[in-house]
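[1] got a predicted structure here, sequence first:
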Amino acid sequence: MPRLLRHLLVACHLLLPALLATAMGPGTAWAQGNPVILAQHPGTEPDRQARALVARPLHDAAAHGERPVLLTGSAQLSTDPGRTALFVQVQSESLCGSAGCSTSVYLPDGHDWKLVLDSVSGPITITPQTHGEMHDLLVDGTDRWIWNGATYTDTQATASPPPMDGTR
């Protein structure tokens, strides 16, 4: 019975975003913006896949004598159920800094996963706005990331460094 229950939980975890989007209709789930919920899901298929994706950081943290915590979450980022993203965060003393722990976002790419947003810190919200049929992501309440057709890019302007010759 525990094995069957585990398989049912994995199936629910993987199918829930698509079922919700279908039941509510396009765009309804994002009317106010949905936060991505990260939690531990030991022994599940998303946990197994995430562990494979972040095997190196997990190994490095363990080599420092730490016991890293792996958090995962999933969310549908477009109306295409095949675009259900895997959000992954590794928490450990050596991997988290003053801004907190970083989260990476992966999309399915055939039998693999493609990294589409790397190492952002702060809570992530899926917004109602879209670019290229993919919902924008809001990180830490103020940092908007938009889809450019292949990956998410930051919209915050970066300050240009002053000229090297000292002129303004």
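    Looks like it came in fine. None of the values given here were measured: they were computed from a predicted structure.

[2] where does the chain dip in pLDDT?
    Per-residue confidence for the chain (pLDDT under 70) gives these ranges: 1-32, 157-168.

[3] this structure: helices as residue ranges?
    Assigned by DSSP state H, the chain shows helices spanning 2-24, 45-53, 55-63.

[4] closest to the centroid, which residue in the protein?
    Phe87 (2.7 Å; CA atoms, centre = their mean).

[5] for that residue, which non-adjacent residue is spatially closest?
    Gly73 (4.2 Å; CB to CB, 6 or more residues apart in numbering). From N, CA and C alone the C-beta is placed, and that goes for glycine too.

[6] the one you found contacts Asn34, correct?
    No: with contacts counted by CB atoms under 8 Å, Gly73 stays clear of Asn34, the gap being 10.7 Å.

[7] show the contacting residues for Trp113.
    Gln49, Leu53, Leu86, Tyr106, Leu107 (CB atoms under 8 Å, 6 or more residues apart in numbering).

[8] at 6 Å what do you get?
    Leu53, Tyr106 (CB atoms under 6 Å, 6 or more residues apart in numbering).

[9] for the remainder of this discussion, apply numbering that starts at 10.
    New numbering, starting at 10: the last item is Trp122.

[10] that one pairs with what?
    Pro117 (DSSP bridges).

[11] the residue nearest to Phe96 contacts Ile46, doesn't it?
    Yes: if you go by CB atoms under 6 Å, Gly82 and Ile46 touch, sitting 5.3 Å apart.

[12] who has more neighbours, these two?
    Using other CB atoms under 10 Å as the criterion, Gly82 and Ile46 rank with Gly82 on top: 21 against 13.

[13] list the contacts for the more buried one?
    Val45, Ile46, Leu47, Phe96.

[14] look up how far Ala72 lies from the last one.
    What it means is Phe96. According to CB to CB, to the nearest Å, Phe96 stands 25 Å off from Ala72.

[15] what is the neighbour count of Asp145?
    By the criterion of other CB under 10 Å, Asp145 has 20 neighbours.

[16] and Val63, what are its phi and psi?
    Backbone geometry at Val63, expressed as degrees, to the nearest 10, gives phi -120, psi 30.

[17] ok, for it, nearest residue in space, not its chain neighbours?
    Val99 (5.4 Å).

[18] leaving out chain neighbours, which residue sits closest to Cys105?
    Distance criterion CB to CB, 6+ apart; nearest residue to Cys105, sequence neighbours excluded, is Ser111 at 7.6 Å.
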